[in-house]
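Asks: got a predicted model here, sequence first, then my questions.
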Amino acid sequence: MIDYSKHTVLIVDDEIEILKSLNRGLHLEPYSKIFASSGAQALESFAREDQISVIITDMRMPGMNGLELLRQVEEISPKTVKIVLTGYTQLPQILATVNNVEIFKFMTKPWDLDAELKVYINEAIAIYENTAIEENRLVSSEKKGKLYNKMLSDSYEKVDHVLRLYDELIKALNQHHLFSIQALKNLNNQTEMTDVIQQMNDRVHYLNKIFEMNRFTMKTFTLQEIELNIEATFEKLGIPKLPIGINTSENQLYYYDNFKMITSILIDIIEGIHFNNSNIQRIGVKAESVDEKHVLHFVVDCVANEKLNLVFENHGKFVSAVLKIIGGKFYATNIEETLRIEVLLPVNKKVFDPIV
């Protein structure tokens, strides 16, 4: 008898709403489920997990399509049973897939969750568990070695990042110290002392959020995932839903960087505006490529008020100093009755290196 709870199913689709729908529809199924919005994230799942019994992938995806993904899965985990979701029926694409990798099922959107998808997943798990052919049951030593080397390389990269992060934190703490000393020297009375202490607390709170090393995340992501984090922050704070302008000078880009830090910087700005009684009018995220360097450019327009201007005049100086340390820039500019806040952050573009 099959113990489905010991199996893992990976579902890949660049449409977030489809992933959410499948998560809801499959949440009572006994097997573990992993959801990935890109081929790059799917491959990272294979590096993390001991085994993935079934992969279900869309064919048409930006960056890395379903065929390219399944080719790499065939190399690193040939035993994984493959199911393809496709919303179109071009014969050449389907034939190319069949000729390159072994596919268990093709499913054309829209599918029937109970009569098709759940049944096919259970059948695929049974095939995975009962496969007796040794060459399909185990990845060859050579291929395992390449995968382990890649994982080891990624680990070294993360260690290097932590060391850089630690060095940046020390520099940021020194900036905090200098700001505090200067403020204390200029004190005139006890009331000003209270204000200085509050400013010191605000700076330390900011450092805790930005340099959260025990939870830093080097991961592959897209602008759409940053958009989802912004929308979740709006919902958490009770801010009315606001269209987020996403703009890129290139086709769909994938980045591999400290996602936690990047989103923390932007969320801190949104919270600062909200808690100082202002309304966000516009928010945009732009990807720029300058001299082969990749930069994320965030722009937030909000209603200016005296309290908010004072906060960004004081705290903004420290934010600017910290962002400069990590290679970014910060601007707060008054345009008539609007306060425009801009953040530029350098990011590493993701380059896909197939394991062959």
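Replies: Everything's here; your move.
Asks: okay, domains of the chain per the record?
Replies: 4-139, 148-347 (automatic domain parsing).
Asks: export these to TSV and tack on mean pLDDT?
Replies: Formatted as TSV, those follow (pLDDT from 0 to 100):
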stretch	mean pLDDT
domain 4-139	82
domain 148-347	80
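Asks: turn these into CSV, including mean neighbour count.
Replies: C-beta here means a position set from N, CA and C on the backbone, and glycine is covered the same way. Below are the domains of the chain laid out as CSV (neighbours: other Cβ atoms under 10 Å):
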stretch, mean neighbour count
domain 4-139, 16
domain 148-347, 15
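Asks: what sits against the closest residue to Q41 other than its chain neighbours?
Replies: Of all residues beyond its chain neighbours, the one nearest Q41 is T220 (5.6 Å), with distances taken as Cβ to Cβ, 6 or more residues apart in numbering. Going by Cβ atoms under 8 Å, 6 or more residues apart in numbering, T220 touches S38, A40, Q41, E44, Y254, Y255, Y256, K350.
Asks: distance of the residue nearest to the last one when sequence neighbours are not counted from T338?
Replies: Distances taken as Cβ to Cβ, 6+ apart place Y254 nearest to K350, at 3.8 Å, with adjacent residues excluded. Shown here: Y254 relative to T338, a distance of 33 Å by Cβ to Cβ, to the nearest Å.
Asks: was I right to think G272 contacts H315?
Replies: Yes: judged on Cβ atoms under 8 Å, G272 makes contact with H315 at a distance of 7.4 Å.
Asks: list the contacts for the residue nearest the centre of the chain?
Replies: Centroid-nearest residue in the chain, with Cα atoms, centre = their mean: F221, separated by 3.8 Å. F221 makes contact with Y254, Y255, Y256, D257, F259, according to Cβ under 8 Å, 6+ apart.
Asks: now render the residues you listed as JSON lines, adding secondary structure and distance to L19.
Replies: Formatted as JSON lines, those follow (DSSP: H, G, I helix; E, B strand; the rest coil; distance: Cβ to Cβ, whole Å):
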{"residue": "Y254", "secondary structure": "coil", "distance to L19": "17"}
{"residue": "Y255", "secondary structure": "strand", "distance to L19": "20"}
{"residue": "Y256", "secondary structure": "strand", "distance to L19": "21"}
{"residue": "D257", "secondary structure": "strand", "distance to L19": "22"}
{"residue": "F259", "secondary structure": "helix", "distance to L19": "18"}
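Asks: start and end of stretch 43-56, how far apart?
Replies: Terminal residues of stretch 43-56 lie 13 Å apart, using Cα to Cα, to the nearest Å.
Asks: partner residues bridging V12?
Replies: Counting by DSSP bridges, V12 forms beta bridges with A36, T57.
Asks: how about it, what does it touch?
Replies: 35-39, 41-42, 55-58, 61, 66, 69.
Asks: kindly report the same for K286.
Replies: Applying Cβ under 8 Å, 6+ apart, the residues near K286 are G245, I246, N247, T248, L296, H297, F298, V299.
Asks: that one belongs to a strand?
Replies: Yes: using DSSP: H, G, I helix; E, B strand; the rest coil, the assignment for K286 is a strand.
Asks: quick one: it and Y120, what's the gap?
Replies: Taken as Cβ to Cβ, the span from K286 to Y120 is 41 Å.
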